[in-house]
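>>> predicted structure and sequence below. I'll ask about it afterward.
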Amino acid sequence: MARFIARRLLLALVTLWLLATIVFIITNVLPNDVGRTILGPFAPQETVDALNERLGTNRPILIRYVDSLRGLVTLDFGDSFVSGKEVFPQVIGAVGRSAKLAGLALLITIPISIAAGLYAARRRDRPADRAIVLLGVTLSSIPEFVTGTILVVVVGVQLGWLPVLATAPATADVLTQIRFLLMPALAMAIVYFGYIARMTRAGTIEVLQADYTRTALMKGLTIGQTMRRHVLRNALVPTVAVIAVQVGYLFGGIIAVEKIFNYNGMGSTMLFAAQHKDLPMLTAGVIVIGIVYMVATLIADLIMAWMNPRIRLEAER
Amino acid sequence: MVESIAPSPLPAPVATPTTSTISERARARRELIRVLVRRPSFLIGIAVIVVWVVCAILGERITPYDPFNGFFGGHKPPSTAHLFGTDRLGRDVLSRVMVGSRDVLIVAPLAAILGVTVGSFLGLVMGYYRGFVDDVLSRIVEAFLALPVILVALLTLVVLGSSSVVVVFVVGILFAPIVARTVRSAVLSERQLDYVTAAKLRGESGLFILSREIFPNVLGPTVVELTVRFGYAIFTVATLSFLGVGLQPPSPDWGLSVSQEYANMVAGVWWPTLFPALAIASTVVAVNLIADSLQSVLNE
Amino acid sequence: MNAAAVPSVATGTKAALRVEDLSLSYIVRGIPRPVLRGVTFEVKAGESYGLVGESGCGKSTTAYAAVRYLPRNGVITGGRILVDGDDITKMNDEQVRLFRMRHASMVYQDPGAALNPTTKVGPQVVEAFTILGQGKRQAEENALKALRRVQIADPERVAQRYPHQLSGGMQQRVVIAIALASDPKLLVLDEPTTGLDATVEASVLDLVRNLQAETNAAVLLIAHNLGVIRTLCDRVGVMYAGKIVEEGDAATVFENPQHPYTLGLLRSLPRRGIRKSQRPLSTIPGNLPQIGTPLPTCVYVDRCPLADELCRTVEPPVVEVGGGQWTRCHHRDRLGQLAEPPPVGGREATLGELNLTLSNVSKTFHQSGHDVPALVKVSLDLHDGETLGLVGESGSGKSTLAKTILGIESPDAGADIELDERALAAKAASRPTADKRSMQMVFQNPDSALNRGWTGRQILARSVHKLTGLRGRAVNERVDQLAADLRLTQRHLDLKPRQLSGGLKQRLAIARAFAGDPRIVVADEPTSALDVSVQAAILNLLSELQLRSKTSYLLISHDLGVVRYLADRIAVMYLGRIMEVGSSESVFNGPNHPYTEALLSAVPNVDAEDRHRILLSGEIPSPANPPTGCVFNTRCPRVIRGLCEVVEPPLVEVEPGHLMSCHIPVDELRRLQAKAEREDLVLTTPPESAAAAAAQGVDELA
């Protein structure tokens, strides 16, 4: 297992390097004059030159590249154009706040989606199954900001059940905080319901048709026993992979949700940075989210290896 | 056409030749369409898309009011005169929703086509050549997959400036690795088949095997992927517009409309937000219903 | 004909399984398609009953119906299934569960898939006992006993393994152990040895036979291999298109079939040492009717050479033949008119010019840091117009050898492959067109070998063009010629592979191989994906083509009947080495290498030919870690201690044209084998070797 983890970590480092390179290409190679891009076409040339001097973007490209990699290793992505403070701590703080929201969304969506997927697989091709599949396709198609808007209109404004802002007063207890986070979390949870439920359904249907399920039923196990002892573990392996990928996407959708619910997390920070062309902040954000994604897939790989001995043993060899 | 009868473990019936003499390709396509049109979800999806396409093309000729310049008093709630009410500038929301599909229905398909073209090419190369080429490309694809789509789009649009062309490129390029992965795995299972060996034994070039033997057989999954990506492209483009970095005013784009009006919801003005939002939802759902039907029909 | 009139059912004694007039349909797009059209048979306790027939005849459906395990779209439309007197078609879900728990068990084709991949073997066996209400301790004890009962030497160790860490034979033993846990009254075996190697198959069949005698269960066996049925079954039912057309004692039915279909089926098998030089095989014209076709009278009428107006209008009654045998045929008396194809003279191959020589061909694969030798110093030659049969079990390297010759794999350095005394480039891609044209291949599975997006004509035309350089009309002429040679019509050529039956697809694949008039065609299991009646037609075509074109065949097959029919010379491989090579007669008549001897004895035989039996212990060792000395020493019943495990014997000519790699002198082998034959001995691997071999069966990562 240790070799497996070591190998995966090594690959993750390579991916991280490539990721940083892609980001470098976007920010330094694509625009031919970074200062001009930031300041716009009407800024005087001296100001542009001064900015390029300050950013170091007038230096040769290779030096900038080496510099950016050094920044990656030392976790120093430079200072914000806006506040002048180091960006990395700010990004980490924002990610932490967003993680609360994302975590709550996952907490809501995972059990419900898996349960729905299992139920649909058991009732394959019956009305309940068709309804769940259709609901899944529908919900996963609707962007978070649309779901968020509809939720605000219906649950927040018309029914008045939940607050329409996400941030609780600073003194609020945990339950109140959750109450405030509930609606934005729900807006995200709804999108992921479709993916997770459908993957669970597909995995379960496949396993229900497997010969070993037949072996279990021929032993005389009840459907319930068969599901618990033989189906679940095998059927959920692909679901784990999907959830990991969703963790990455979660931080994409969160930007819109935070905007709607006015929550000060990763999304708001990035949006603010984008509006003010704060490149170091955006760069750090992309890379940190990339790392979050990689960690999530790594954990998923470990869980899958734990669930399926075949993956585990092959990894150990 | 031979029907598949029972699922495993029971053996499939032996196929017997059919008597048809018309072109096999045309027949297969007709059969596919025949099966598709019997699926309600496919029909609903097509109907919705047709409605939006017609609205986009006819535009002002069929809208009840001028979507851009009419002024009927700000934030009037839905009424018989204005079914969807009016927005903050007093424009008719229904008219704006009707023409709001224009930009997204150009930008999203272009992005999807770009992503699928680049992605399939990569996938074909990776799947067929394997080895070193595949290893290197796989790592790059892996790195691209770790990129948060919306964030990278934000970053790129900041660096290159907001324009529809940039949106098409950013979304298309970010989708390519996802498509590449799907196509690669289809090619990998295809190239294990003996017909590839047979082709090599008669001296076919790699290019021939890839383009003439393998590619037509992975076209099915590629078409499905194109539809799926189209849905996601609408999703992403709308989100970018909502974030204010996609399409720019005075475009009547749905995402943009939501972005400009959502703050008024708290005050009870929900109509200029809700209707464009529902329009986005209907379009993406429709595309995904089509993709879903295609996928299950092709898998049958 | 109603069920009650079916004879040969001794009323009074209660059968363990009694299927009465069972009709079953699959609902396809809302339309019921009948697959079983009134199946009636019974199996008594302690008896084993075999259902035979070609794919799609409904034998598997019947087996699954007998344990009420139907696909979601399967509906029983009539009849009853009585197990121990209880009608299982009337049971509710809970009753079915209890019935499966207490009275019925099943063993299926792919043992690897039958075990849960994420749970160790032990708990899976234990569960079969705890479900019966046993305590944990007792169940664990019984599980170990059960594993020992299926001759797993080291049950504690096996119990700690995951299924994929066991070999196929070992997995199947575990599945059998689970099946027997409840001491079932009914044991259903669906192709239990298909996919296992011959020597492993022999030991599994032996195990089932012994266990059956021990448990007194009623056994229902489904197998496409008639030899397996003959080996294991007391009685057989021959199924065709959802109906049993003939039933009787296994020996009687196989020796003296009374239905035209049974007769056709048996005659299409290459058996009793028949060879291509003697006569073509019988074939059954036409195809199986498609599922759901209405067949109101005789189900076989469309393919039966005896069919007349009566057969088309009146359903044939059950005709008792005596001795418990019956047939559903109007014209039993006219069976004699069905003649076998006449013998052909003057077809004995005269050895042509030498065309291909291999010397010192080795191939080593590198897998995760390990060297896995797949071929070790193979030397062979091939002459014009001859067929060289390659036999051996999985891992023997026969497919690798074929691929190396064709240039799909490159051999290790030092190998020499010569065509007409010119060295061939290692890779197919670097061989000139003339060399590519000289060597082509026919694959096992035509579905994989033919591009499903191309029509038959496109497939052939492309090969003709690439290999011969012809263009335009000349290509079309050549394609038409090939099609005519393989009896494909113009209509077939315009279809895509999936619209063709298995036999037609394989003919198309053969036509492609012959596109450039090859000198050598490698045929890798060319008929093993096909039904026997189709196989016969393909074998006839192959031998006809060879006679005409003087093409040499390198034939790989696990079916020794096929090899015997087609091959002029045979090479026997084990763990990448050639153990024996000689003319077909000398290999089949002996004296043999002990491995060949075991292989020949392992083949389940339709004719119940009297051969002495050799039961090999353990599994084929992993090629990555072959035994020292003679690689067969760990399983060899005739091993010479102190010699065989130390020194690898060279491949030497022991008789003219007959080479062997064995330390035992050929005269000694001849004497020993004649003695074993005379005294009908059962030989096994000596115990100390067996232990080593058994250990090999575990720990092999699949």
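All right, it came through fine. Given the structure is predicted, the values throughout are model-derived calculations rather than measurements. Residues are numbered from 1 along each chain as shown, chains lettered A, B, ... in the order given.
>>> separation between residue C:69 and residue C:100?
When distance is defined by CB to CB, to the nearest Å, residue C:69 is 8 Å away from residue C:100. Yep, even glycine has a C-beta here, placed from its N, CA and C like the rest.
>>> so what's in contact with those two at the same time?
Counting by CB atoms under 8 Å, 6 or more residues apart in numbering or on different chains, the contacts common to residue C:69 and residue C:100 are A:217, A:218.
>>> neighbour count winner among those two?
Using other CB atoms under 10 Å in any protein chain shown as the criterion, residue C:69 and residue C:100 rank with residue C:100 on top: 23 against 18.
>>> pretty sure the more buried one sits against residue A:218.
Yes - taking CB atoms under 8 Å as the definition, residue C:100 is a contact partner of residue A:218 at 5.2 Å.
>>> quick check: neighbours shared by the two?
Overlap of the contact sets of residue C:100 and residue A:218 (by CB under 8 Å, 6+ apart) consists of residue C:67.
>>> count of residues packed around the residue lying closest to residue B:157 once chain neighbours are set aside?
Spatially, and ignoring its direct neighbours in sequence, residue B:157 is nearest to residue B:245 (4.5 Å; CB to CB, 6 or more residues apart in numbering or on different chains). Residue B:245 is flanked by 24 other residues according to other CB under 10 Å.
>>> and residue B:245, that's in a strand?
No - remark: residue B:245 does not belong to a strand; assigned using DSSP: H, G, I helix; E, B strand; the rest coil, it is coil.
>>> can you pull the contacts of the residue in the stretch 151-300 of chain A positioned nearest to chain C?
Using CB to the nearest CB, the single residue of the stretch 151-300 of chain A nearest to chain C is residue A:220, 2.3 Å away. Contact analysis of residue A:220 by CB under 8 Å, 6+ apart lists C:97, C:98, C:100, C:101, C:102, C:131, C:132, C:182.
>>> quick check: closest non-adjacent residue to the first one.
Counting by CB to CB, 6+ apart, the nearest residue to residue C:97 once its immediate chain neighbours are dropped is residue A:220, at 5.6 Å.
>>> can you tell me how far the one you found is from residue C:132?
For residue A:220 relative to residue C:132 (CB to CB), the value is 8 Å.
>>> same check on residue C:552?
As defined by CB to CB, residue C:552 lies at a distance of 59 Å from residue C:132.
>>> residue numbers of the stretch 1-150 of chain C in contact with chain B?
C:26, C:28-29, C:33, C:35, C:55-56, C:60-61, C:64, C:71-74, C:108-109 (CB under 8 Å from any CB of the partner chain).
>>> go again using 6 Å as the cut-off
Within the stretch 1-150 of chain C, the positions adjacent to chain B are C:26, C:28, C:55, C:56, C:60, C:61, C:71 by CB under 6 Å from any CB of the partner chain.
>>> now, which of those lie within helices?
Among those, DSSP state H puts C:60, C:61 in helices.
>>> and the residues of the stretch 1-150 of chain C next to chain B, which are buried?
With burial judged by 16 or more other CB atoms under 10 Å in any protein chain shown, the buried subset of the residues of the stretch 1-150 of chain C next to chain B is C:26, C:55, C:56, C:60, C:61, C:71.
>>> got TSV for these, with pLDDT too?
Formatted as TSV, these follow (pLDDT from 0 to 100):
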residue	pLDDT
C:26	92
C:55	85
C:56	84
C:60	92
C:61	93
C:71	86
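>>> for the residue lying closest to residue C:502 once chain neighbours are set aside, phi and psi?
Spatially, and ignoring its direct neighbours in sequence, residue C:502 is nearest to residue C:530 (5.2 Å; CB to CB, 6+ apart). Here is the backbone geometry of residue C:530 (degrees, to the nearest 10): phi -110, psi 160.
>>> appreciated, that's everything.
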